[in-house]
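**Q** Here is the input, now give the coordinates:
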Amino acid sequence: MAQPHPPAATASPNADRVFDALDAAALAAEGHARDGILPTVDAEDFRAAAKLDPRAVRARLDRVVMGEDPERGLDELLETGALAALFPEVHAMVGFGDGEWRHKDVWKHTKQVVRQAVPRLEVRWASLFHDIGKVKTRSIAPDGKVHFLGHAEVGTRMFDKLDRRLGLFAHEMALKDTVRFLVLHHLRANQYSPDWTDSAVRRLARELAEHLDDLLCLARADITTKRPEKKRRGLQQIEELGLRIGRLAAEDAREPPLPSGIGDAIMVAFGLPPSRKIGEIKRALEGAVEAGEIPRGQATEVYLQILRAHPDKFLL
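**A** Numbering: from 1, shown residues only. I've put the predicted structure just below:
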């Protein structure tokens, strides 16, 4: 159902046509047949509406990316000119690749990722923006192989610029920060290999923190290969990473990184009185354990020897 148009006092001169076009895209994404001809809207009118009433524009765009058929909704945004006006970074992906230089059409890939993503706002928006950096980073090696080195970092800076320009996410900072994080780190889970050490897996889980589940969901959606075996391997790899993170977290919950009573042992071994300093030393040791720099679950004397060998790192 179309949403009410913003009050006339805050609308651009052609606001009705802007919101009719956005409503049409939202309805298409939700599975409704088109009712009539799409309105013709000037790019400046789309941008003016986004400036004057970013919440109303975002509400309709949310419906597009969250629809059961977001590909149709995105194609409607493309046809009306809304995509080019609001998200030129996304529009630049249209036809980029398309069989040339041995890489897939990035726009078609992006639409498929949005459709495959779990219907969570953070993941769907990140799916739309995750590859915008590819347009600016494509390079062709002498053997004809295509690379997009650094496209996640470049895409994150492009998202920052997009956000400053439109302000569509300004009223939901948590959403904006999550989308930005997912764009920046969207390659991390797909880079996992079974030969990673437990310390490397723990480090990844710690760095992803509360975004872990969203990032794994985005990684699954980002597999769009038409080759069944390659897709199966990719999904299995991500599933294995998730299970391994869960297993290690369970182990760590049962087994603390340092032995009980190590604080008292540190005080006796180094002649230190009870103080905040003891807590700082323990936290430094725990950090080194989590980083994989020193072993976990060893006898107290092992950690005392480490402290004696590296006083500049742990005892300062």
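
**Q** Could you check stretch 44-60 and say which residues are buried?
**A** By 16 or more other Cβ atoms under 10 Å, the buried positions in stretch 44-60 come out as 45-50, 52-54, 56-58, 60. For glycine as for every other residue, the C-beta is placed from the backbone atoms N, C-alpha and C.

**Q** Quick check: end-to-end length of that stretch?
**A** The stretch stretch 44-60 measures 18 Å between its terminal residues, going by Cα to Cα, to the nearest Å.

**Q** from here on, count from 57
**A** New numbering, starting at 57: the last item is stretch 100-116.

**Q** which regions of the protein lie under the pLDDT threshold?
**A** Filtered on pLDDT under 70, the chain yields the residue ranges 57-69, 154-159.

**Q** backbone phi and psi for the spatially most central residue of it, please?
**A** When Cα atoms, centre = their mean is applied to the chain, the residue found nearest the centroid is L238 (1.1 Å). Dihedral pair for L238: phi -70, psi -40, per degrees, to the nearest 10.

**Q** who touches it in this structure?
**A** E178, V179, A182, H186, H267, D270, L271, L274 (Cβ atoms under 8 Å, 6 or more residues apart in numbering).

**Q** The first one reaches D233, doesn't it?
**A** This means E178. No. E178 is beyond contact range of D233, at 9.5 Å (criterion: Cβ atoms under 8 Å).

**Q** Looking at these two, which is more packed in?
**A** The neighbour count for E178 versus D233, taken as other Cβ atoms under 10 Å, is higher for E178 (23 against 13).

**Q** any idea how far the residue nearest to the centre of the chain lies from L314?
**A** Noted for L238: a distance of 34 Å to L314, by Cβ to Cβ, to the nearest Å.

**Q** what does stretch 242-259 rub up against?
**A** Contacts of stretch 242-259 from elsewhere in the structure, counted by Cβ under 8 Å, 6+ apart, are 182, 186, 208, 260, 264, 271-272, 274-275, 278-279, 290, 293-294, 296-297, 300-301, 304, 308, 346-348.

**Q** on that earlier part again, distance-wise, check the residue nearest to the centre of the chain relative to L274.
**A** According to Cβ to Cβ, L238 stands 6 Å off from L274.

**Q** tell me, what's touching these two both at once?
**A** In the contact map built from Cβ under 8 Å, 6+ apart, the residues linked to both L238 and L274 are V179, A182, H186.

**Q** Grab the nearest non-local neighbour of G206.
**A** Excluding the flanking residues, the one nearest G206 by Cβ to Cβ, 6 or more residues apart in numbering is T193, at 5.6 Å.

**Q** Now do the contacts for the one you found.
**A** By Cβ under 8 Å, 6+ apart, the residues touching T193 are H203, F204, L205, G206, H207, V210.

**Q** Could you give the backbone dihedrals for it?
**A** The main-chain torsion angles of T193 are listed as degrees, to the nearest 10 and equal phi -120, psi 0.

**Q** Quick check: the gap between it and V150.
**A** Plainly put, T193 is 17 Å away from V150 if you go by Cβ to Cβ.

**Q** Same question for I188.
**A** I188 sits 12 Å away from V150, taking Cβ to Cβ as the criterion.

**Q** hang on, the earlier thing: among the contacts of T193, who's most crowded?
**A** Ranking these using other Cβ under 10 Å puts H207 first, with 23 neighbours.

**Q** for the closest residue to that one other than its chain neighbours, what are its contacts?
**A** Counting by Cβ to Cβ, 6+ apart, G189 is the residue found nearest to H207 once chain neighbours are left out, at 3.7 Å. Contact criterion Cβ under 8 Å, 6+ apart gives F204, G206, H207, A208, E209, V210, G211, T212, R213, M214 as the residues in contact with G189.
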